[in-house]
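Asker: fold the following, please.
(4 chains)
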Number of protein chains: 2
Amino acid sequence: MTTRDELLSAAAATLADAGLSGASARSIAARAQVNQALIFYHFGSVSELLEAAVRSSVDAALADYRERLADVETVSGLVELARELHSVEKARGNVAQMTQVLAGAQRDATLARAATYAITAWRDEVEVALRRVLASSALRDVVDPAAIAATATAGFIGLSLYEGVDPDGAEAALGSLDLLAALAEVIDGLGPVTTRVVRSRLRHLVPAARS
Amino acid sequence: MTTRDELLSAAAATLADAGLSGASARSIAARAQVNQALIFYHFGSVSELLEAAVRSSVDAALADYRERLADVETVSGLVELARELHSVEKARGNVAQMTQVLAGAQRDATLARAATYAITAWRDEVEVALRRVLASSALRDVVDPAAIAATATAGFIGLSLYEGVDPDGAEAALGSLDLLAALAEVIDGLGPVTTRVVRSRLRHLVPAARS
DNA sequence: GTCTATACATAGATAGAC
DNA sequence: GTCTATCTATGTATAGAC
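Answerer: The predicted model follows:
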């Protein structure tokens, strides 16, 4: 591995387990076992290093899940995959990385670029899968896949932060996603007459609903 | 206002608009127009000041909404109130305060106490309202109010962070909550036969569902 | 309770030798 | 590309006068 790569991986690891405030040039360089000045030589600033690190973490994680996501056929399959993704990516530290960058993005323009990249990359990927899965659902032209993808992404972030503070609550919250998936399946299985009723009433109640 | 109170309010404001990294003893004291050393005299450390500030923000906000929350009778009313709460509390800076503390809580034990306090206070309050609202719903013994309260709280946090990065997506996500509320209403209006079917199928699909 | 002054650690960043 | 050395700013925290 080149020094540049060592720094990228040390930055990701430091961000994940020491948080944003602990991700200083010195601590990252120490972990990478290289000289602190090299961060500025290779990346210009600490924020820019963190940005690059987050981008490559996101790219790697997305590459890992792209196939799996493409295979999902049902809403409950999607929830199941989300559950696995959450626990795996959490163990890898990618989740912590993300929450720290998101929080820092509110004030640091460079981190904000990283956060935007990460969020939109995941949102877009989820949207594609959702669009496919919902195509055969009774709710197909009532729900907006883009909106649901944004909701899911935001929820994922929220859950990750929430988990650090109320682990039992976080587990319970994940359980309520199963319920939501089940609800979607039950609605799909109600038969053509009821389905039409549900769809027309929903469209009446939420005029903004679109495809 | 006493110096102590000036510091509390300056800490809250600084945390909200300069973030955790910008909430130093010096910047908070400058905003409060008092001497920096007084933070340590009154609170012991910056983290402890932030903790106290967050606690009083939460108490104040909860007091503001307790009545309104008690008046809500429907799921869509709850979503509507959540929307208002989000925009009002965001304008007040309480939302930013919360997200910063949550992010910092992952590594700082004092901030973690503040975060736990805030999260559980809101979750409990939401749970009570949800329990009341859901009591008359067809889904009453299928959904767990505590789980939904945790989901809502986590989602609120997530949305707030997400909003800083993808404002349009955040608005769309809020829209999908309207859909969810509408769905609950439609299900409630389906008539006794269909309702029984939905309930039994849901319980079959999600054995973990309880009251 | 409040102020001045200051100790001390650590941050980001750069210059210049190698 | 990498290292040593260093500048400068800013952070937390304390001592002691008022």
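
Asker: backbone dihedrals for A:Val72, please?
Answerer: Dihedral pair for A:Val72: phi -70, psi 140, per degrees, to the nearest 10.

Asker: just give the nearest non-adjacent residue to the most centrally placed residue in chain A, would you?
Answerer: Note on chain A: the residue nearest the mean C-alpha position is A:Thr153, at 4.9 Å, using Cα atoms, centre = their mean. The spatial neighbour of A:Thr153 that comes closest, neighbours along the chain excluded (Cβ to Cβ, 6 or more residues apart in numbering or on different chains), is A:Arg123 at 4.7 Å. For the C-beta atoms, the positions are set from N, CA and C on the backbone; glycine is no exception.

Asker: elements contacting the host helix or strand of the one you found?
Answerer: In this assignment (DSSP states H and E), A:Arg123 forms part of helix A:109-134. Applying 3 or more Cβ pairs under 8 Å, 6 or more residues apart in numbering or on different chains; DSSP states H and E, one finds that helix A:109-134 contacts helix A:46-71, helix A:75-92, helix A:94-105, helix A:145-163.

Asker: let's see it at 10 Å
Answerer: With contacts defined as 3 or more Cβ pairs under 10 Å, 6 or more residues apart in numbering or on different chains; DSSP states H and E, helix A:109-134 has these neighbours: helix A:46-71, helix A:75-92, helix A:94-105, helix A:145-163, helix B:145-163, helix B:167-188.

Asker: of those helices, flag the one that's most buried.
Answerer: Highest mean neighbour count among those (mean count of other Cβ atoms under 10 Å in any protein chain shown): helix A:94-105, with a mean of 27.

Asker: relative to helix A:145-163, how tilted is that helix?
Answerer: Counting by axes from the mean of the first three to the mean of the last three Cα atoms, to 10 degrees, helix A:94-105 points 100 degrees away from the direction of helix A:145-163.

Asker: wait, does helix A:94-105 contact DNA strand C?
Answerer: No - Helix A:94-105 lies apart from DNA strand C when judged by Cβ under 7 Å from any atom of the strand; the minimum separation is 11.4 Å.

Asker: could I get the average pLDDT for that helix?
Answerer: Taken as a whole, helix A:94-105 has a mean pLDDT of 97.

Asker: go on, stretch A:172-185?
Answerer: The model assigns stretch A:172-185 a mean pLDDT of 92.

Asker: what's the closest of the helices and strands packed on helix A:109-134 to DNA strand D?
Answerer: Taking Cβ to the nearest atom of the strand, helix A:46-71 is the member of these nearest to DNA strand D, at 13.0 Å.

Asker: what does chain A put close to DNA strand C?
Answerer: Checking chain A against DNA strand C by Cβ under 7 Å from any atom of the strand, the hits are A:Gly22, A:Ala23, A:Ser24, A:Ala25, A:Arg26, A:Ser27, A:Gln36, A:Ala37, A:Phe40, A:Ser45, A:Val46, A:Ser47.

Asker: tell me which residue in chain A sits closest to chain B.
Answerer: Among all residues of chain A, A:Gly158 sits closest to chain B, at 2.2 Å; criterion: Cβ to the nearest Cβ.

Asker: OK, contacts around the nearest residue in space to that residue that is not next to it in sequence?
Answerer: Of all residues not flanking A:Gly158 in the chain, B:Gly158 sits nearest, at 2.2 Å (Cβ to Cβ, 6+ apart). Contacts for B:Gly158 (Cβ atoms under 10 Å, 6 or more residues apart in numbering or on different chains) come out as A:99, A:102, A:151-162, B:99, B:170, B:173.

Asker: which residues are in contact with the closest residue to A:Ile119 other than its chain neighbours?
Answerer: Among residues not flanking A:Ile119 along the chain, B:Val165 sits closest, at 4.9 Å (Cβ to Cβ, 6+ apart). Listed by Cβ under 10 Å, 6+ apart, the contact set of B:Val165 reads A:101-102, A:105-106, A:112-120, A:123, A:153-154, A:157.
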